[in-house]
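Peer 1: below are the sequence and a predicted model for it; my questions follow.
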Amino acid sequence: MSFKVKDHYFKKAKKENFLARSVYKLEEIDQKYKILNKKNNVVDFGYHPGSWVQYTAEKVGPEGLVVGIDIKPVSNKLSPLKNVRLYEKSIFDVSVLEDLEMESLFDVVLSDMAPNTTGIKSVDQDRSLNLIEEVFHILPKFLRPGGNFAIKVFDSNQAQVFLKENKNIFEEFHLLKPKSTRSISKEFFAIGKRYKA
Ligand SMILES: C[S@@+](CC[C@H](N)C(=O)[O-])C[C@H]1O[C@@H](n2cnc3c(N)ncnc32)[C@H](O)[C@@H]1O
């Protein structure tokens, strides 16, 4: 089953000129919870290779902006997109808007970040939670009141507890395992709407 799913979304992404199959996760999140709108300024943490950037750039349109950061070198495949700015940076080196040459808060914060995995479950869960905690930590400096949010989470007891403790910073909070996620995968997405700040 998981291979069929992989095959289907992998081929679909290729055919539709998306840089990764992950685009269908964001598409499902956005279709269900309407987190992206025209003219939005959006930051995408862990954007590489860039399918979320491709989808988001189209959604926000020419008057919107997508800012992507990733520890990987900047991808020139996205350079034709005029409403996109990319940085080779770690989330741990970003703490204020000026680090991303921004003057105002973002309308939407996205994170599909995934750590380098070791295969040791507890280590991988800790690394993933570390990234999630950092995103929540810097959120007040990046997301405007009323803004929307989506973040990838590797499931663990600690991650569940952390999300429960922090979900109240949004007026609406949802958990979703998109259909395109491989069935064996432990990942899901947390979606926050209308940030209370
Ligand atoms: C699953 S990929 C993202 C796929 C992307 N959403 C897309 O649609 O193409 C996860 C990314 O998180 C990045 N990442 C991991 N740790 C990071 C960190 N500390 N800061 C920024 N990006 C990080 C990885 O380099 C990797 O490119």
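Peer 2: Noted; the coordinates are in hand.
Peer 1: give me the residue from this structure nearest the ligand.
Peer 2: As assessed by Cβ to the nearest ligand atom, the ligand sits closest to G46 within the chain, at 2.8 Å. Using the backbone N, CA and C atoms, a C-beta is placed for each residue, glycine as well.
Peer 1: can you give me phi and psi for that residue?
Peer 2: With angles defined as degrees, to the nearest 10, G46 sits at phi 80, psi 50.
Peer 1: is the residue lying closest to it once chain neighbours are set aside in a helix, a strand, or coil?
Peer 2: Spatial nearest neighbour of G46, excluding adjacent residues (Cβ to Cβ, 6 or more residues apart in numbering): M113 at 3.2 Å. At M113, secondary structure determined by DSSP: H, G, I helix; E, B strand; the rest coil is coil.
Peer 1: now the lengthiest helix in the chain: buried residues?
Peer 2: Secondary structure of the chain read by DSSP state H shows that its longest helix is helix 121-142. Neighbour-count burial for helix 121-142, counted by 16 or more other Cβ atoms under 10 Å, picks out 124-125, 127-129, 131-132, 134-136, 138-139, 142.
Peer 1: contacting the ligand as well, which ones from the residues you listed?
Peer 2: Filtering those for proximity to the ligand by Cβ under 6 Å from any ligand atom leaves nothing.
Peer 1: quick one: the strands in this protein?
Peer 2: For the chain, the strands defined by DSSP state E cover 41-45, 65-70, 84-88, 106-111, 143-154, 170-176, 187-195.
Peer 1: hang on, the earlier thing: need the contact list for the residue of the chain closest to the ligand.
Peer 2: By Cβ atoms under 8 Å, 6 or more residues apart in numbering, G46 lies in contact with I69, D70, I91, S111, D112, M113, A114, L131.
Peer 1: pLDDT at the last one, what is it?
Peer 2: This means L131. In this model, L131 is scored at 97, pLDDT.
Peer 1: identify the residues contacting it.
Peer 2: G46, I91, S111, M113, A114, P115.
Peer 1: which residues of this structure lie near the ligand?
Peer 2: 19-20, 22-23, 45-52, 69-72, 90-92, 112-115.
Peer 1: show me which of those are buried.
Peer 2: 19-20, 22-23, 45-52, 69-70, 91, 112-113, 115.
Peer 1: am I right that F18 is in contact with T56?
Peer 2: No - the criterion here is Cβ atoms under 8 Å, and F18 misses it with T56 at 11.8 Å.
Peer 1: looking at the two, which is more packed in?
Peer 2: For F18 versus T56, the count of surrounding residues by other Cβ atoms under 10 Å is larger for T56: 29 against 20.
Peer 1: which residues does that one contact?
Peer 2: With Cβ under 8 Å, 6+ apart, T56 has these contacts: L26, L36, V42, D44, V66, L110.
Peer 1: how many other residues sit next to the last one?
Peer 2: Using other Cβ under 10 Å, L110 is surrounded by 30 other residues.
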